[in-house]
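**Q** Need coordinates for the below:
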Amino acid sequence: MKTEPILTTSRPKDNTSQILGNLNGHKINPKWRGAYDNLMDLRDVLLHAKSDLQQAAKSDQHGAFSMHMADAASDQYDLDFALGMMSSEQNSLYEIEQALNRIRNGSYGLCEMSGEPIEAERLEAIPWTRYSAVAQRELELQTGFGGPKLGKLASLAAPISEDDDDDSDTD
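**A** Numbers count the residues shown, from 1 in each chain. From the prediction side, this is the model:
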């Protein structure tokens, strides 16, 4: 009796068109082949992590509930943390899929705002980025989503004058 070999790889083997850079009729620019492979590997890692988080969240929901309030709060925190991480990873997966689509359709590496090439260093650091550094700063300024806003230096440490004191002894 002949037995079939068991494959233990998590991802199916690449076919000839994938190896040669032709995916579903879309030729991948050899310049972006490394980025494509990197994004595929990153996607696989995130999908695996997301699956692990889903299993952890399911097991937390069906676990024994503690009678102690602090234990119940800790269990709820762990569940909320796992669900928050899944949401974050889902957003990352979406961005990675969009970057893969841009590689396939030939628009990868071009800023969606200006149409200019994105800096190579930026693409290496954030391979799913849609914008050049200049366009990203401009977008953040326009939307007001540029991170935390800080007060003026020493604005909180300014001395309080006697005129500003509400607890004065004079009536």
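**Q** Buried residues of the longest helix seen in the chain, list them for me.
**A** In the chain, assigned by DSSP state H, the helix with the most residues is helix 69-105. Buried residues in helix 69-105, counted by 16 or more other C-beta atoms under 10 Å: 75, 79, 82, 85-86, 89, 92-93, 96, 99-100, 102-104. Quick note: C-beta positions are derived from backbone N, CA and C, even for glycine.
**Q** Distance to G144 and pLDDT added to those, as TSV?
**A** Shown next, in TSV, are these (distance: C-beta to C-beta, whole Å; pLDDT from 0 to 100):
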residue	distance to G144	pLDDT
D75	37	71
L79	33	69
A82	31	68
M85	27	72
M86	28	72
E89	26	79
S92	23	84
L93	27	88
I96	26	91
A99	26	93
L100	30	93
R102	27	93
I103	31	93
R104	33	92
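**Q** Would you mind putting the CA coordinates of the very next helix or strand once past the longest helix of the chain into CSV?
**A** Next in sequence after helix 69-105, counting helices and strands by DSSP states H and E, comes helix 120-125. Taking C-alpha atoms only, helix 120-125 is exported to CSV below (Å, rounded to 0.1, in the frame of the first residue of the first chain):
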residue,chain,number,x,y,z
ALA,A,120,13.1,54.1,-0.4
GLU,A,121,14.0,54.3,3.3
ARG,A,122,10.3,55.0,4.1
LEU,A,123,9.2,52.0,2.1
GLU,A,124,11.7,49.8,3.8
ALA,A,125,10.6,51.0,7.2
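**Q** Alright, calling it a day.
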